[in-house]
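> mind looking at a prediction? Sequence and model below.
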Amino acid sequence: MLLNDNEYLIIVEQIKGEIAKAQYKATLSVNRELILLYYNIGKVINENKTWGNKFIDNLAKDIKLSYPDSTGYSVRNLKYMAKFADTYPEEQIVQEVLAQLTWYHNIALLDKVKDENVSVWYACETLKNGWSRNVLVHQIESHLYERQVLADKITNFETKLPAAESELALQTIKDPYIFDFIPFKEDMVERDIENALVKDVTALLLELTPVLRLSDISII
């Protein structure tokens, strides 16, 4: 068979498309666990607000001791996690909608939208249209919700994945928070990624237990 045979070239394109879809699904799975982890950390922080303003500072330092190469647990990001958990008290919304967006998308929603229902509407529209973070911000700032929605209410969550070639998909695959979350290697396959994910999540949650004991934290 000649390499430039049309039938062969069609097969190659089909396989390349399947590879892209599989890569995106694997990345989306990792991203979902990352967002849920951030949400759960945010809930822990909110449950311990009585410990004072230094609590997050101490938490960031103690996590850094165990994960010196990670940048996703900075004071600023921990505050976003707390705001994330406080903004969306219903975990179902996080699991079914927001966990399909990158952390950058979620930060944009936290910064730009005050109403929870409006945030969820923009999140669903982002998933449906595959918007990048910048497009999402533009739509918010141009008041798309006010222009398109009058009486419609969100009753069902959109769970269909956007196309693998969409801007959202491409940003998810390239999201630095995911690479910060898991120590990826160039030759890693999907099973390796999943194993690393479980290992890192379990280790971090175990680390949080002694950190969250008041006797172990010096609040100044």
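Perfect, I can see it now. The structure presented is a predicted model; accordingly, all values stated were derived computationally and were not measured.

> and the next helix or strand past the host helix or strand of Ile56?
Taking DSSP states H and E as the criterion, the element that holds Ile56 is helix 54-66. Reading on from helix 54-66 to the C-terminus, the next helix or strand found by DSSP H and E is helix 75-87.

> what mean pLDDT does that following helix get?
On average, the pLDDT along helix 75-87 is 97.

> keeping just the C-alphas, turn the helix or strand following it into CSV.
Following helix 75-87 in sequence order, the next helix or strand is helix 91-96 (DSSP H and E). Provided in CSV are the C-alpha atoms of helix 91-96 (Å, rounded to 0.1, in the frame of the first residue of the first chain):
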residue,chain,number,x,y,z
GLU,A,91,-21.1,19.8,45.6
GLN,A,92,-23.2,18.4,42.8
ILE,A,93,-22.7,21.6,40.8
VAL,A,94,-19.0,21.3,41.2
GLN,A,95,-18.9,17.7,40.3
GLU,A,96,-21.1,17.9,37.2
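
> who are the packing partners of helix 91-96?
Judged by 3 or more CB pairs under 8 Å, 6 or more residues apart in numbering; DSSP states H and E, the packing partners of helix 91-96 are helix 6-47. In short, each C-beta sits where N, CA and C put it, glycine included.

> now the helix it packs on and helix 75-87, what's the angle there?
90 degrees (axes from the mean of the first three to the mean of the last three CA atoms, to 10 degrees).

> quick one: buried residues of the helix holding Ile56?
In terms of neighbour count (16 or more other CB atoms under 10 Å), helix 54-66 has its buried residues at Phe55, Ile56, Asn58, Leu59, Ala60, Asp62, Ile63.

> how far off centre is it?
Averaging C-alpha positions (CA atoms, centre = their mean, to the nearest Å) puts helix 54-66 21 Å from its chain's average.

> re the thing from before, and the buried residues of helix 54-66, which is closest to Val44?
Closest approach to Val44 among the buried residues of helix 54-66 (CB to CB): Leu59, at 8.8 Å.

> just for the chain, where's the confidence low?
Low-confidence segments of the chain, defined by pLDDT under 70: 1-4, 150-166, 179, 182-220.

> go again using 80 as the cut-off
By pLDDT under 80, the weakly predicted segments of the chain are 1-5, 52-53, 149-220.

> give me the helices and strands touching the helix holding Ile56, please.
Looks like helix 54-66 contacts helix 6-47, helix 75-87, helix 190-211 (3+ CB pairs under 8 Å, 6+ apart).

> list the buried residues of stretch 141-151.
For stretch 141-151, by 16+ other CB under 10 Å, it's Tyr145.

> distance between that stretch and the chain's centre?
Counting by CA atoms, centre = their mean, stretch 141-151 comes out at 25 Å from the chain centroid.

> which residues touch Leu110?
By CB atoms under 8 Å, 6 or more residues apart in numbering, Leu110 lies in contact with Tyr80, Lys83, Phe84, Thr87, Ser119.
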